[in-house]
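# No sequence on hand, only this structure:
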């Protein structure tokens, strides 16, 4: 009876809202109503941004969006008997309706996400046996050594977990390759990683053939192990000491739990953050997903496996014959299948691993192309909206995760739609300038405010649009190809631990300059049309403003593809840890101020600048978290300077044996609180107005920087093509 009353209440409310949305009103009334909603949302954001008032503000915004959709659907489409106007006009309409659909699903998913779960580090219940899988393909042994050492150092009884190094780069197939170089490299890797695993106390496992990529590799691990739970870490994802303590306890509470997923924290910026210099100032892109969206999915029992930093139940995996391998995103596909069989998932919103993400723009696009193609494969082969066994909320959640990757289509249409009018005078949107202001502008402002409500400190204004734009150009053909041939894409390993020695333009950055030039011509055409056709100036100015907004976004993207030279692959994370520093045989007191995957900064007292030499061998002695004993780690001095507290010395780790890798792992990865503190230091909601001005300043500077890089690249190419340069290339 109670459910029936709730359904009736929703039905009555829906009818009332539809009546208001479709109510015929004057343009002036619409403008006043839109401004009133914007003002109400602003006041609520300042006074009561949480709880029920947050939902009320979102409801106000939803009413404006629905009003816009009604007006857009009934009053603005070109006549169907004008195909030159109707076809591009209808494509623009579909792109807008896609955006509205994604907004609606996002509201369902994250309007009220679950709060972060409390720490489980003091869990004292039954400790299940755990097999820790570290799948690898072509990663460097030094990178793997840190990850394996960190996994071996987890705070968990040694007889209750086993670390497996699953090597797909040293398979029998590769060692017997017809290509001699490939066979030699695989054989060398096979021996080297066997020794590495043995030295660190882990187990090494490879297989005969490279089948089904990462999923096949982990399924081979399932066949050779027997732990109750499976923890999975990518080759560059090193866990903190408390990873298992924070995760395994959930499995005893729910016998139908198949997954505990944790966020991916990265020590280095992605290429957008690195080239725009926002890594230390602004939340990373992945924080919106892991800080808000995954908590929203968790509310509906739909948080999914992200390929790493997770623990899964073996019995659940065996029910589906292991990890799914139909798509190239085996993680989400596995979760869809297990959710459809009635298994549950949990998301723990605390960074418990630290990893590396692509440093170059080309590698970043390669990674996102794989994600986009994999999600399209899941949509094609699993089709979550109609997947039997999923609950209705789970269907919506998986729709959100898969349909999101269709954004290149909508973003491309939004980018070029104004040019149809400016260059070809096509009437793809039949409305006056006043109607644009009353309906479209109000819709855009409300949309941005709703995003600010939903993601707040986790995503600043216009940054999502920038990320989508810079991916669109290269993701569009990738998505089209997988739609045309769903079985064509193959799994490609993302490049790790990259560095860019010198500043340069990205090798895939040229199209962004072409698009910027076309949009710049659109600005010139806007000015011409305003003077040549003053009777249409209102519409021309509105469309020109749209094109100008695209130009600002495109200008900011020029800075994204202008790769800054930076030798360090990772950023340093602030710590405060006492140590002793061995300099020329003397042990000096010091403090470790920050650490990265490759080195540390130490402030020492009692030393003189004259006795320090760049490149000199030294050593760090500090007390470990793992054993509460002192360990000595060899380092090399890279730089030094005098500070108010002493002499600050930049060091590079020089591990020479397995024990040294354990010390590196203890120094960087043992304490997860330092990552959490770093994330919190970047979070802050600048608000829509201040955030917009900040983005405008950023875009102007990055446009200038991109043009400088382009001119430098052109000059470098012309010098390279001179007769002297060509002769030098031919010289033996």
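Thanks, I have the structure now. Since we're looking at a predicted model, the values are computed, not measured.
# Please name every helix or strand in contact with the top helix by length along the chain.
Ranked by residue count under DSSP state H, the longest helix found in the chain is helix 688-720. With contacts taken as 3 or more C-beta pairs under 8 Å, 6 or more residues apart in numbering; DSSP states H and E, helix 688-720 sits against helix 442-455, strand 504-505, helix 510-532, helix 537-560, strand 562-563. Placement of C-beta: from N, CA and C, glycine included.
# need the next SSE after the last one, C-terminal direction.
For strand 562-563, the following helix or strand on the C-terminal side (DSSP states H and E) is strand 573-583.
# Please apply the same query to the first one.
Heading C-terminal from helix 442-455, the first helix or strand you meet, by DSSP H and E, is helix 463-484.
# the inter-axis angle of that following helix versus helix 442-455?
Angular relation of helix 463-484 and helix 442-455 on a 0 to 180 degree scale: 90 degrees, by axes from the mean of the first three to the mean of the last three C-alpha atoms, to 10 degrees.
# middle-most residue in this protein, spatially?
Closest residue to the average C-alpha location of the chain: residue 286 at 3.5 Å, with C-alpha atoms, centre = their mean.
# Please report how far that residue lies from residue 621.
Per C-beta to C-beta, to the nearest Å, residue 286 is found 35 Å from residue 621.
# next one: residue 715
Counting by C-beta to C-beta, the separation of residue 715 from residue 621 is 51 Å.
# neighbour-wise, which of these two wins?
Shown here are residue 715 and residue 621; by other C-beta atoms under 10 Å, residue 621 has more neighbours (16 against 10).
# Pretty sure the more buried one sits in a strand.
Yes: under DSSP: H, G, I helix; E, B strand; the rest coil, residue 621 falls within a strand.
# what about the longest strand in the chain?
Counting by DSSP state E, the longest strand found in the chain is strand 630-643.
# Name the residues that touch that strand?
With C-beta atoms under 8 Å, 6 or more residues apart in numbering as the contact definition, strand 630-643 has outside contacts at 582, 599-600, 603, 609, 612-624, 647-656, 659-660, 662-664, 666-667.
# what about the stretch 201-350 of the chain, any weak spots by pLDDT?
The stretch 201-350 of the chain contains no residues with pLDDT under 70.
# scratch that, the stretch 351-500 of the chain is what I was asking about
Residues of the stretch 351-500 of the chain meeting the criterion pLDDT under 70: 489-499.
# Need phi/psi at residue 595.
When read as degrees, to the nearest 10, the backbone of residue 595 gives phi -140, psi 160.
# for it, what are its contacts?
572-573, 575, 601, 667-668.
# Between which two of those is the distance greatest?
Across the contacts of residue 595, no pair lies farther apart than 601 and 668, at 12.8 Å, counting by C-beta to C-beta.
# what comes up buried for stretch 53-73?
For stretch 53-73, a neighbour-count test (16 or more other C-beta atoms under 10 Å) marks 54, 57-58, 60-69, 71-72 as buried.
# How far away from the center of its chain is that stretch?
Its chain's average C-alpha position is 29 Å from that of stretch 53-73, according to C-alpha atoms, centre = their mean, to the nearest Å.
# Need the contact partners of it.
By C-beta under 8 Å, 6+ apart, the surrounding residues in contact with stretch 53-73 are 17, 20-22, 30, 33-34, 37, 40-41, 44-45, 47-49, 93, 96-97, 100, 103, 107, 111-112, 435, 439-440, 442-443, 446-447, 449-450, 453-454.
# so what's the residue lying closest to residue 380 once chain neighbours are set aside up against?
Distances taken as C-beta to C-beta, 6 or more residues apart in numbering place residue 486 nearest to residue 380, at 4.6 Å, with adjacent residues excluded. For residue 486, the contact set (C-beta under 8 Å, 6+ apart) comprises 376-377, 380-381.
# Pull up the gap between residue 486 and residue 148, please.
From residue 486 to residue 148 the distance is 36 Å (C-beta to C-beta).
# Same question for residue 481.
For residue 481, the distance to residue 148 (C-beta to C-beta) stands at 37 Å.
# Compare these two and say which is more crowded by neighbours.
residue 148 (32 against 15).
# so the more buried one touches residue 202, yeah?
Yes: assessed by C-beta atoms under 8 Å, residue 148 is found in contact with residue 202 at 5.1 Å.
# what do these two both touch?
Here residue 148 and residue 202 have 134, 163, 165 as joint contacts, going by C-beta under 8 Å, 6+ apart.
# ok, so of the residues you listed, who is nearest residue 710?
Using C-beta to C-beta, the shared contacts of residue 148 and residue 202 come closest to residue 710 at residue 134, 41.7 Å.
# Spit out the contact partners of that closest one.
Each residue near residue 134 by C-beta under 8 Å, 6+ apart is listed here: 144, 147-148, 151, 163-166, 202, 233-235.
# Would you mind measuring from residue 42 to residue 107?
Taking C-beta to C-beta, one finds residue 42 at 19 Å from residue 107.
# correction: residue 455
According to C-beta to C-beta, residue 455 and residue 107 sit 12 Å apart.
# One more: residue 651?
From residue 651 to residue 107 the distance is 49 Å (C-beta to C-beta).
# for residue 584, same thing?
64 Å.
# same deal with residue 76?
Plainly put, residue 76 is 24 Å away from residue 107 if you go by C-beta to C-beta.
# and what of residue 69?
As judged by C-beta to C-beta, residue 69 and residue 107 stand 14 Å apart.
# Equivalent analysis for residue 423, please.
Using C-beta to C-beta, residue 423 is found at 37 Å from residue 107.
# I'd guessed residue 123 sits against residue 249; true?
Yes: using C-beta under 8 Å, residue 123 makes contact with residue 249 at a distance of 3.8 Å.
# So for those two, which residue has more residues nearby?
residue 249 (19 against 16).
# ok, the more buried one - contacts?
So residue 249 contacts 120, 123, 125 (C-beta under 8 Å, 6+ apart).
# burial of residue 124, as a residue count?
Residues lying near residue 124 (other C-beta under 10 Å) number 7.
# Ok, the one 5 residues further on next?
Per other C-beta under 10 Å, the neighbour tally for residue 129 reads 16.
# do you know how far it is from residue 253?
Relative to residue 253, and taking C-beta to C-beta, residue 129 is found at 18 Å.
# if we can go back for a sec, tell me which of the helices and strands packed on helix 688-720 lies nearest to residue 704.
Nearest of the helices and strands packed on helix 688-720 to residue 704, taken as C-beta to C-beta: helix 537-560 at 8.4 Å.
# For residue 223, see how far away residue 281 is.
Distance, residue 281 to residue 223, using C-beta to C-beta: 47 Å.
# what comes up buried for stretch 234-243?
Of the residues in stretch 234-243, 234-243 count as buried by neighbour count, 16+ other C-beta under 10 Å.
# repeat for stretch 163-180
Within stretch 163-180, the residues that count as buried by 16+ other C-beta under 10 Å are 163-171, 173-175, 177.
# Distance across it, terminal residue to terminal residue?
Using C-alpha to C-alpha, to the nearest Å, the end-to-end distance of stretch 163-180 comes to 32 Å.
# ok, back up a step: more neighbours, residue 423 and residue 107?
Neighbour totals were compared for residue 423 and residue 107, and residue 107 leads with 20 against 14 (other C-beta under 10 Å).
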